[in-house]
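[1] the following block contains a protein sequence and its predicted model.
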Amino acid sequence: MIDTLRTACLQHPTAEKWVLLSSLAQGRALSERLAREGKPWLNLRFTTPAELARDLAAMEMAKRGISPLHPAAGAALTASLLEGDLGGAPRYFRRLTGAPGLARALFQAMTELRMAGL
């Protein structure tokens, strides 16, 4: 992959180049390696498929006047729902309401289920 990136950066020095990776840490490692080898990597953009989808969706949502929910706001909203009237929700959620990180974990789980199409 390094050789391919090096070639793309040399052939198209000012063009924006997107690289999809499984983690942003891989992008940092690749950019550091290119820099250590003295190779230019101007306009090389690293992202994950999930981040790219989120960015594309955010642009479409903005056109429609809709703002995406920030993850911290999602956890806060989940906490608010847990502390409020849950109606017919199982009682075990009520017992766990004060557990540190519960709202964030539930929001993350719901987000992952939604992203999986469930």
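    Received the coordinates, thanks. Everything numeric here is computed off the predicted structure, so don't read it as measured data.
[2] quick check: next helix or strand after the one helix or strand R28 maps to?
    Assigning secondary structure by DSSP states H and E places R28 in helix 24-36. Sequence order places strand 44-47 as the next helix or strand after helix 24-36, per DSSP H and E.
[3] contacts for the helix holding R28?
    With contacts defined as Cβ atoms under 8 Å, 6 or more residues apart in numbering, helix 24-36 is touched by 1-2, 5-6, 9, 19, 21, 40-41, 44, 46-48, 51. All C-beta spots, glycine's among them, are computed from the backbone N, C-alpha and C.
[4] CA atoms of that helix as PDB?
    Output in PDB follows, covering the C-alpha atoms of helix 24-36 (Å, rounded to 0.1, in the frame of the first residue of the first chain):
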ATOM      1  CA  LEU A  24      -7.800   6.200  11.600                       C
ATOM      2  CA  ALA A  25      -4.700   4.900  13.500                       C
ATOM      3  CA  GLN A  26      -3.700   3.000  10.300                       C
ATOM      4  CA  GLY A  27      -3.800   6.400   8.400                       C
ATOM      5  CA  ARG A  28      -1.600   8.000  11.000                       C
ATOM      6  CA  ALA A  29       0.900   5.200  10.700                       C
ATOM      7  CA  LEU A  30       0.900   5.400   6.900                       C
ATOM      8  CA  SER A  31       1.400   9.200   6.900                       C
ATOM      9  CA  GLU A  32       4.200   8.900   9.500                       C
ATOM     10  CA  ARG A  33       5.900   6.200   7.400                       C
ATOM     11  CA  LEU A  34       5.700   8.400   4.200                       C
ATOM     12  CA  ALA A  35       7.000  11.300   6.200                       C
ATOM     13  CA  ARG A  36       9.900   9.300   7.600                       C
END
